[in-house]
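S.K.: How does the following fold in three dimensions:
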Amino acid sequence: MDNQQQRVWMHIGAGSFHRAHQAWYLHRLLMQGDTRWSIALGNIRNDANALLTALEKQNGEYILETVSPAGERKYERVTSIKKVLPWDEQLSALVAQGAATETGVISFTVTEGGYYLDTEHKLDPKNPDIQADLLGEARTIYGTLDRILRQRIKQKSGPVTLLNCDNLRHNGERFRNGFLAFLALKGDMAMLDWVKNFTSSPNTMVDRITPRPTADIAPRVEEKTGFKDLAPLMGESFIQWVIEDDFIAGRPALEEVGVEMVKSVLPWEEAKIRILNASHSCIAWAGTLIGLSYIHESTQTQSICEMAWEYVTQDVIPSLTPSPLDLDAYRDVVLDRFRNPYILDTNQRVAADGLSKIPGMIAPTLIECYNRGQIPRATAVLPALFFLFMERWHEGDLPYTYQDGILDANAMHARFSAADPLAEFARDEALFGPLAGKPNFEQLLRDTVQSLRTWITLQTNETVVSQ
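M.R.: Numbers count the residues shown, from 1 in each chain. Model (predicted):
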């Protein structure tokens with residue numbers, strides 16, 4: 001690690017999660033007196049311009065409110081973002097900072113769908129955004145990094161770590177494979193060789209539930225701290241970050257602030273993605289279908305909590321055993337976190353990006369159950385819930401806008417207008433890989449969907465009666 005030179009950690013993706021997670025850890029280092037690294041924050045798209053403007057006015061500082069399941073609130077002024085990179089169509093500030101010699105890490109949070117991977121975890125070259133970037137645009141992380149690193153080579157700025165901080169299994173290597181495939185499609189062999197030799201892409205596991213900021217946070221922050229914050233946010237008190245220690249150009253002393261630096265993140269990421277992320281989506285889809293708005297309400301509904309518990313207990317834990325983690329205890333901690341009534345995390349936020357979550361977080365457990373001769377009845381509930389959720393979307397009957405980075409709305413409407421939408425769904429290789437088209441899997445989905453239709457009717461009637 002460099003002891004003298006001031007170094008920059010540039011982050012792409014000006015969302016709440018980065019500010020509640022990676023920026024918080026870097027802030028803790030600053031509070032310990034280690035001022036060698038600071039963050040420069042930017043965005044690929046113009047949808048964060050208001051936030052970037054607010055942060056610029058506050059010199060990058062903001063208040064993070066955390067709340068425990070017991071309702072204990074804490075307030076901390078996060079100071080690690082020392083440079084806010086303004087957005088323009090050419091991403092000029094992002095390119096300039098990413099190409100600068102002092103930038104040793106470029107990290108990113110662009111959501112699961114932002115990597116444009118198919119069920120084989122390969123880059124989907126047919127996607128319109130990828131096609132545009134192959135022609136020189138910068139709509140995706142690939143086109144953006146291509147532009148940044150091209151300038152970095154020109155300036156002879158040296159190696160840099162490319163750090164994926166999204167909920168994606170094997171996130172570093174899958175991003176890297178996608179990026180190398182992108183460069184190969186461009187036919188840029190010189191750039192391809194440079195990336196192979198002068199960048200590293202460690203796998204990481206990140207965890208902190210961070211809902212979208214709501215209007216009540218700013219007044220509470222001002223009351224408690226006296227700071228009239230234009231960009232406050234709130235997250236749960238729990239936090240975790242596990243990173244493979246493979247930084248090619250130096251790194252902050254993250255182990256000093258509780259980050260777990262390991263040789264392989266595999267046990268942690270598998271547990272987190274399958275137990276936390278997949279259960280989270282299950283709860284959000286189920287809660288939405290019976291008229292609930294928040295994750296804690298949905299988790300506190302016994303039948304929904306049982307769906308998640310059974311999915312983990314019956315199918316996931318056998319798939320992940322043996323593990324260095326206590327998986328039963330991890331399951332119980334996760335469900336307790338979801339019950340936190342103070343977080344006010346919405347079903348809308350967690351329900352997003354299902355088309356990436358099914359193949360990435362849920363299909364592996366389905367496949368492994370079949371491979372060991374077990375019928376994955378508990379896991380089948382999750383894609384069945386998503387089918388019913390998207391059926392509501394098709395009918396225009398969701399209570400909110402569904403957000404999905406890879407949703408082709410016309411194709412999805414066509415699927416649900418077909419004679420047998422469930423057959424179309426069950427035979428989708430992009431969702432289910434080798435299970436697509438298998439009669440026993442399709443029948444399992446049919447039976448599960450029918451059972452869930454009955455459950456939804458009963459739950460809805462109970463809600464009406466209780467009102």
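
S.K.: now the end-to-end length of stretch 179-193.
M.R.: 12 Å (Cα to Cα, to the nearest Å).

S.K.: In contact with the residue nearest to residue 154 when sequence neighbours are not counted, which residues?
M.R.: Computed as Cβ to Cβ, 6 or more residues apart in numbering, the closest residue to residue 154 that is not its neighbour in sequence is residue 99, at 7.5 Å. Backbone N, C-alpha and C define where each C-beta goes, glycine included. In this structure, residue 99 makes contact with 148-149, 151-152, 154-155, 157, judged by Cβ atoms under 8 Å, 6 or more residues apart in numbering.

S.K.: Mind giving me the PyMOL select for those residues, buried ones only?
M.R.: Burial among the contacts of residue 99 is assessed by 16 or more other Cβ atoms under 10 Å; the matching PyMOL selection reads:
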select buried, resi 148+149+152+157
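
S.K.: out of the contacts of residue 99, which are inside helices?
M.R.: Members of the contacts of residue 99 lying in helices (criterion: DSSP state H): 148-149, 151-152, 154.

S.K.: possible to save these as a markdown table with pLDDT?
M.R.: Listed next are these as a markdown table, based on pLDDT from 0 to 100:
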| residue | pLDDT |
| --- | --- |
| 148 | 98 |
| 149 | 98 |
| 151 | 98 |
| 152 | 98 |
| 154 | 98 |
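
S.K.: can you name the two of those residues that are farthest apart?
M.R.: Of all pairs drawn from the ones in helices among the contacts of residue 99, the greatest distance, 10.9 Å, lies between 148 and 154 (Cβ to Cβ).

S.K.: could you give the mean pLDDT of stretch 391-402?
M.R.: What stretch 391-402 shows for mean pLDDT is 98.

S.K.: ditto for stretch 21-39
M.R.: Rounded to a whole number, the mean pLDDT of stretch 21-39 is 98.

S.K.: now it, how far from the centre of its chain.
M.R.: 22 Å (Cα atoms, centre = their mean, to the nearest Å).

S.K.: residues making contact with it?
M.R.: Here stretch 21-39 makes contact (Cβ under 8 Å, 6+ apart) with 1-3, 5-11, 41, 60, 64, 76, 78-83, 104, 107, 165, 206, 208, 210, 235, 239, 241, 252-254, 256-259.

S.K.: do the same with stretch 121-129
M.R.: 115-118, 130-131, 134, 139-140, 142, 170, 174, 177-178, 181-182, 185, 406.

S.K.: swap the cut-off to 7 Å and go again
M.R.: 116-118, 130, 139-140, 174, 178, 181-182, 185 (Cβ atoms under 7 Å, 6 or more residues apart in numbering).

S.K.: Now that stretch - C-alpha only, PDB.
M.R.: This file holds the C-alpha atoms of stretch 121-129, laid out as PDB (Å, rounded to 0.1, in the frame of the first residue of the first chain):
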ATOM      1  CA  HIS A 121     -23.100 -15.800 -17.500                       C
ATOM      2  CA  LYS A 122     -21.800 -14.700 -21.000                       C
ATOM      3  CA  LEU A 123     -22.200 -11.200 -22.400                       C
ATOM      4  CA  ASP A 124     -25.400 -10.700 -24.400                       C
ATOM      5  CA  PRO A 125     -24.100  -9.000 -27.500                       C
ATOM      6  CA  LYS A 126     -27.600  -8.500 -29.000                       C
ATOM      7  CA  ASN A 127     -28.700  -6.100 -26.300                       C
ATOM      8  CA  PRO A 128     -29.300  -2.600 -27.800                       C
ATOM      9  CA  ASP A 129     -27.200  -0.900 -25.000                       C
END
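
S.K.: I'd like the mean pLDDT over that stretch, please.
M.R.: Regarding stretch 121-129, the rounded mean pLDDT is 93.

S.K.: tell me what the top helix by length along the chain is packed against?
M.R.: The helix that spans the most residues within the chain, counting by DSSP H, is helix 439-466. Secondary-structure packing of helix 439-466 (3 or more Cβ pairs under 7 Å, 6 or more residues apart in numbering; DSSP states H and E): helix 377-394, helix 421-426.

S.K.: Of those helices, flag the one that's most buried.
M.R.: Burial of the helices and strands packed on helix 439-466 is given as mean neighbour count (mean count of other Cβ atoms under 10 Å); helix 377-394 ranks first at a mean of 23.

S.K.: Do a quick rundown of the strands in the stretch 101-250 of the chain.
M.R.: 103-108, 160-164, 199-200, 204-207, 233-236, 240-244 (DSSP state E, counting those that start in this stretch).

S.K.: Output the ones you listed as CSV; include the columns mean pLDDT, distance to residue 373 and mean neighbour count.
M.R.: Output for the strands of the stretch 101-250 of the chain, formatted as CSV (pLDDT from 0 to 100; distance: least, Cβ to Cβ, whole Å; neighbours: other Cβ atoms under 10 Å):
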stretch, mean pLDDT, distance to residue 373, mean neighbour count
strand 103-108, 98, 40, 23
strand 160-164, 98, 35, 24
strand 199-200, 98, 40, 18
strand 204-207, 96, 30, 22
strand 233-236, 96, 38, 24
strand 240-244, 97, 32, 20
